[in-house]
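Asks: fold the following and give me the result.
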Amino acid sequence: MLVGIAAAGLAVLVAVAVGILLFAGGGGSTDAAAALDKAGCTLVEKPALRGVHTVTTPTGTSPLWNTNPPTSGPHYEIPAVWGAYTEPVNMAQLVHNLEHGGIYILYGPRVPQATVAQLRSFYNGRTRGTILAPLPSLGDKIALGAWTTKDANDPTNGTAHLAKCTTFDDGAFGAFFDAFQFQGPERFPADTLLPGRN
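Replies: Numbering: from 1, shown residues only. Below you'll find the predicted structure:
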């Protein structure tokens with residue numbers, strides 16, 4: 001009889017734990033938005049634009065991009081090499097990296113060097129599918145960008161995510177990565193999105 005009571009109690013605990021995991025979020029878009037808001041960041045989410053190779057040069061742009069920096073839509077046919085940069089990256093190539101499920105971390109020239117060092121340390125813990133680079137137009141801001149789809153079989157129905165922050169917050173940045181990385185409309189295996197490759 002005691003064994004039966006213990007088994008029933010264990011079953012209830014398992015059911016409660018599963019319910020918490022299913023309904024409490026656990027790294028989803030809502031959790032990322034809340035964490036970013038708490039850190040003083042803004043998160044803009046827009047319907048993703050079609051991913052077509054209509055930008056004909058790596059340094060080109062598209063008048064269709066609906067976020068600044070861009071997070072979806074037309075791009076150059078060859079993505080940027082994954083890694084950490086000290087010079088700006090071509091946006092038309094970077095959008096292609098997002099299409100493959102990557103995330104960018106971009107920072108302006110007025111972001112303090114101590115914060116840039118924090119960004120580099122964060123990047124070092126998440127090098128797969130990540131690009132870290134300066135972007136002059138950001139000024140004193142940091143930008144995180146991602147392009148996601150709910151279903152890899154429906155690449156036309158996606159969301160473009162752009163967070164802008166004035167400081168680094170490990171929890172908020174981690175929540176953004178946990179919610180959005182490796183969920184692009186073209187889902188390349190994470191182990192192929194390595195520094196030094198494109």
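Asks: count the residues that sit near the closest residue in space to Gly184 that isn't next to it in sequence.
Replies: Spatial nearest neighbour of Gly184, chain neighbours left out: Gly101 (3.6 Å); criterion: C-beta to C-beta, 6 or more residues apart in numbering. (C-beta placed from N, C-alpha, C; glycine too.) Close neighbours of Gly101, defined as other C-beta atoms under 10 Å, add up to 26.
Asks: ok, Thr149 next?
Replies: 21.
Asks: just give the nearest non-adjacent residue to it, would you?
Replies: Nearest to Thr149 is Gly158, by C-beta to C-beta, 6+ apart, at 4.0 Å.
Asks: next, count neighbours for the one you found.
Replies: There are 24 residues near Gly158, going by other C-beta under 10 Å.
Asks: again with Leu193
Replies: Counted with other C-beta under 10 Å, Leu193 comes out at 23.
Asks: you'd agree it is up against Ile131?
Replies: No: using C-beta atoms under 8 Å, Leu193 makes no contact with Ile131, being 9.9 Å away.
Asks: please save the CA atoms from stretch 94-114 in PDB.
Replies: The C-alpha trace of stretch 94-114 is given here as PDB (Å, rounded to 0.1, in the frame of the first residue of the first chain):
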ATOM      1  CA  LEU A  94      24.400  39.200 -42.800                       C
ATOM      2  CA  VAL A  95      20.700  38.900 -43.700                       C
ATOM      3  CA  HIS A  96      21.600  35.600 -45.400                       C
ATOM      4  CA  ASN A  97      23.300  34.400 -42.100                       C
ATOM      5  CA  LEU A  98      20.000  35.100 -40.300                       C
ATOM      6  CA  GLU A  99      18.100  33.100 -42.900                       C
ATOM      7  CA  HIS A 100      20.300  30.100 -42.000                       C
ATOM      8  CA  GLY A 101      19.300  30.400 -38.400                       C
ATOM      9  CA  GLY A 102      22.000  32.700 -37.100                       C
ATOM     10  CA  ILE A 103      22.000  35.700 -34.800                       C
ATOM     11  CA  TYR A 104      24.000  38.900 -35.000                       C
ATOM     12  CA  ILE A 105      25.300  41.000 -32.200                       C
ATOM     13  CA  LEU A 106      26.100  44.500 -33.500                       C
ATOM     14  CA  TYR A 107      27.400  47.500 -31.600                       C
ATOM     15  CA  GLY A 108      27.900  51.200 -32.200                       C
ATOM     16  CA  PRO A 109      31.100  53.200 -31.900                       C
ATOM     17  CA  ARG A 110      30.000  54.800 -28.700                       C
ATOM     18  CA  VAL A 111      29.400  51.600 -26.800                       C
ATOM     19  CA  PRO A 112      32.000  51.500 -24.100                       C
ATOM     20  CA  GLN A 113      35.000  49.200 -24.600                       C
ATOM     21  CA  ALA A 114      34.200  47.500 -21.300                       C
END
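Asks: got the buried residues for that stretch?
Replies: 94-108, 111 (16 or more other C-beta atoms under 10 Å).
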